[in-house]
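# 3D model of this:
(chains A, B, C and D)
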There are 2 protein chains.
Amino acid sequence: MQVASAGLSSMPSPALPFPVSVAFSGMSPAFRSALGRTLRFQRGAEVYAEGNLADHLYKVVAGAIRTCRILPDGRRMIAHFALQGDLFGLDGVQHHRFFAEAVTDTVVIAFPRKEITEWVSREPGAAHSWNTYTLEKLTAAQDRFIMLGRRTAAERVAAFLLDLADRGQRPDESIDLPMSRYDIADYLGLTSETVSRLLSNLRKNRIIAEQGSHRFRILNREALEERADEESI
Amino acid sequence: MQVASAGLSSMPSPALPFPVSVAFSGMSPAFRSALGRTLRFQRGAEVYAEGNLADHLYKVVAGAIRTCRILPDGRRMIAHFALQGDLFGLDGVQHHRFFAEAVTDTVVIAFPRKEITEWVSREPGAAHSWNTYTLEKLTAAQDRFIMLGRRTAAERVAAFLLDLADRGQRPDESIDLPMSRYDIADYLGLTSETVSRLLSNLRKNRIIAEQGSHRFRILNREALEERADEESI
DNA sequence: CGTCGGATTGAGAACGTTCAAGGGGCGTGG
DNA sequence: CCACGCCCCTTGAACGTTCTCAATCCGACG
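Alright, predicted model coming up:
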């Protein structure tokens, strides 16, 4: 499993001067764990449960994490997919209001929130960086309201693929979908059957090409963007 | 129009020591405007447009505000209703990504964000308060994902009424719905007809009683909570 | 008293779900 | 190495919830 350069460096414009923001790549495991503890999770393993004390923030080094909630009747909603380089764990003030699981075998670094708080109050500019980061997250969440409230199934799936493509940043427009159709459905507020049908439809229309059920390549980005009804800002 | 005691006091547990947190009620307009500018908007008037510089934060003194976005084909989504005492305007890092309108005739106070930033960096504890506030907003947004992605129309309407009842804090379980059925629909990801039908249904089942189309009273809170499928945490 | 915007109600259509069956990939065990 | 089983994915058909279109109603206001 490839280990990415880590730290809290996926932060906003003024890169976070938090000590962990240095690249971890070449560091010894001992030093790395002094800044943030490295944890490994097997596919399906729980990182934290709903209700747990939210005393850490996590960064995905490799793999993928989903944060979910399950309703009493079994309906599940996925709030967020954290991919390589993404932070997660900000789903509650005191206690986690979602649970987090590994989508695939995953390596994360856990940073005590206390340290972040101290860093924010200590370093000049840190408060601004941190604030910008949470504000960006808030803004992204609001965009998702529109997705879930006003977009059709086809638009959601197309937008999801584009989002993954942009986050993946692969040169050849290939998309790695580590999660199952069920996961995608629970992220988009659909059913796995609908997701499957819509992916098939995109394949039939030569907009995407399948390379195994968890890897796609965008053949016609323009058409995909049209289906996502991209209205930027 | 009744004017509430104002300031940024609707903030998290450790009340914000931002200068404007003092009650405005008895102050002269001159002094009030030195801290935050008081603005009045007629029903339907725009507070800010999508794309405007997000250089202020607003507090509703009286009335109600909606923050919305409209898709190219006319579909509209309302991200947030700001009622008496609520803050709004945090819908973008640099520029507003939604527009804000007055639902009814409304009085708001506009605080320059610059002042808030300065206050956060100046006052001890302010950073923590502010951070907690944005984190609470982020958490609330995540809860809304479940609402929009996994709840039925009936559950959404019931939960919406309970939310308004709790925010309104009226002793007699009466709910003031300043917004139209269209607004409610665009907030819940439904159509106005569906909202209307479900409200009629609640009325027929003696769960709520109508007191004019913009005021309801909860007759049977237990039944309403059951329909909202309340699963706390 | 008439007009207008919003609210309500009905009927039919559509989108997405549900239920059901079949297929395929992968790991495990024989 | 092959067979089996387990997921997960795919596809089909029927169903149901919600939307769309349309008519009517109601209350506020001139």
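
# In chain A, where is pLDDT below threshold?
A:1-35, A:230-233 (pLDDT under 70).

# Quick check: the nearest residue to residue A:70 once chain neighbours are set aside vs residue B:153, distance?
Leaving out its chain neighbours, the residue that sits closest to residue A:70 by C-beta to C-beta, 6 or more residues apart in numbering or on different chains is residue A:76, at 4.8 Å. C-beta: built from backbone N, CA, C; applies to glycine. Separation of residue A:76 from residue B:153 (C-beta to C-beta, to the nearest Å) stands at 19 Å.

# And for residue A:177?
Noted for residue A:177: a distance of 30 Å to residue B:153, by C-beta to C-beta.

# Contacts only, for the residue nearest the centre of chain A.
Closest to where the C-alpha atoms of chain A average out (C-alpha atoms, centre = their mean) is residue A:82, at 2.2 Å. Residues near residue A:82 by C-beta atoms under 8 Å, 6 or more residues apart in numbering or on different chains: A:58, A:60, A:64, A:65, A:66, A:67, A:88.

# what angle separates the longest helix seen in chain A from helix B:126-150?
Among the segments of chain A that qualify as a helix by DSSP state H, the longest is helix A:126-150. Angle of helix A:126-150 versus helix B:126-150, following axes from the mean of the first three to the mean of the last three C-alpha atoms, to 10 degrees, is 20 degrees.

# chain center to the helix or strand following helix A:126-150, what's the gap?
On the C-terminal side of helix A:126-150, the closest following helix or strand by DSSP states H and E is helix A:153-168. Relative to the centre of its chain, helix A:153-168 is centred 13 Å away, using C-alpha atoms, centre = their mean, to the nearest Å.

# now stretch A:72-82
Its chain's C-alpha centre and that of stretch A:72-82 lie 14 Å apart, by C-alpha atoms, centre = their mean.

# Likewise for stretch A:129-148?
On C-alpha atoms, centre = their mean, the centre of stretch A:129-148 falls 13 Å from the chain's centre.

# Is any residue of it near DNA strand C?
No. Stretch A:129-148 does not reach DNA strand C (C-beta under 7 Å from any atom of the strand); its nearest approach is 10.9 Å.

# Now do the buried residues in stretch A:192-212.
Neighbour counts over stretch A:192-212 (16 or more other C-beta atoms under 10 Å in any protein chain shown) mark A:194, A:195, A:196, A:198, A:199, A:202, A:207, A:208 as buried.

# Quick check: the nearest residue to the first one once chain neighbours are set aside vs DNA strand C, distance?
Nearest residue to residue A:194 in three dimensions, chain neighbours excluded: residue A:153, at 5.2 Å (C-beta to C-beta, 6+ apart). From residue A:153 over to DNA strand C the distance is 3 Å, taken as C-beta to the nearest atom of the strand, to the nearest Å.

# quick one, what contacts residue A:153?
The contact partners of residue A:153, taken as C-beta under 8 Å, 6+ apart, are A:188, A:190, A:194, A:198.

# cool, residue A:110 as well?
By C-beta under 8 Å, 6+ apart, the neighbours of residue A:110 are A:36, A:37, A:38, A:39, A:56, A:57, A:58.

# quick one: which of these is nearest chain B?
Among these, residue A:57 lies closest to chain B (C-beta to the nearest C-beta), at 11.3 Å.

# Pairing partners for the closest one in the sheet, please.
Listed beta-bridge partners, residue A:57: residue A:111 (assigned using DSSP bridges).

# count of residues packed around it?
Neighbourhood size, residue A:57 [other C-beta atoms under 10 Å in any protein chain shown]: 19.

# Also residue A:62?
18.

# Show me how chain A divides into domains.
Domain segmentation of chain A under automatic domain parsing yields A:19-146, A:151-228.

# Put together a markdown table for these, with distance to residue B:141 on each row.
Formatted as a markdown table, the domains of chain A follow (distance: least, C-beta to C-beta, whole Å):
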| stretch | distance to residue B:141 |
| --- | --- |
| domain A:19-146 | 4 |
| domain A:151-228 | 15 |
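
# How about residue A:134: what's its closest non-neighbour residue?
Nearest residue to residue A:134, sequence neighbours excluded (C-beta to C-beta, 6+ apart): residue B:134, at 4.7 Å.

# That neighbour against residue B:93, yeah?
No. With contact defined as C-beta atoms under 8 Å, residue B:134 does not count as touching residue B:93 (11.6 Å).

# wait, what's in contact with the closest residue in space to the residue nearest to the centre of chain A that isn't next to it in sequence?
The shortest distance from residue A:82 to any non-neighbouring residue, by C-beta to C-beta, 6+ apart, is to residue A:88 (3.8 Å). Contacts for residue A:88 (C-beta under 8 Å, 6+ apart) come out as A:57, A:58, A:59, A:60, A:65, A:67, A:80, A:82, A:100.

# and the last one, which of the three is it?
Same thing as residue A:100. Look at residue A:100: counting by DSSP: H, G, I helix; E, B strand; the rest coil, its state is strand.

# Could you list everything it pairs with in the sheet?
Beta-bridge partners recorded for residue A:100 (DSSP bridges): residue A:48, residue A:67.

# Surely it is in contact with residue A:47?
Yes. Residue A:100 is within contact range of residue A:47, at 3.9 Å (criterion: C-beta under 8 Å).

# Between these two, which contacts overlap?
Shared contacts of residue A:100 and residue A:47 (C-beta under 8 Å, 6+ apart): A:58, A:65.

# Which one's more surrounded, these two?
More neighbours surround residue A:100 than the other of residue A:100 and residue A:47, with 26 against 23 (other C-beta under 10 Å).

# what sits against that one?
A:46, A:47, A:48, A:58, A:65, A:66, A:67, A:68, A:88, A:89.

# Out of those, which end up buried?
Neighbour-count burial (16+ other C-beta under 10 Å) is assigned, among the contacts of residue A:100, to A:47, A:48, A:58, A:65, A:66, A:67, A:68, A:88, A:89.

# Among these, which pair sits farthest apart?
Using C-beta to C-beta, the two most remote members of those are A:58 and A:68, lying 14.9 Å apart.

# Show me the common contact partners of residue B:134 and residue B:93, please.
Common contact partners of residue B:134 and residue B:93 (C-beta under 8 Å, 6+ apart): residue A:135.

# where does chain A come near DNA strand D, residue by residue?
A:180-182, A:192-193, A:195-197, A:199-200, A:210, A:213-214.

# Which ones among those residues lie within strands?
residue A:210 (DSSP state E).

# circling back to that earlier point, can you tell me how far the residue nearest to residue A:70 sits from DNA strand C?
From residue A:76 to DNA strand C the distance is 11 Å (C-beta to the nearest atom of the strand).
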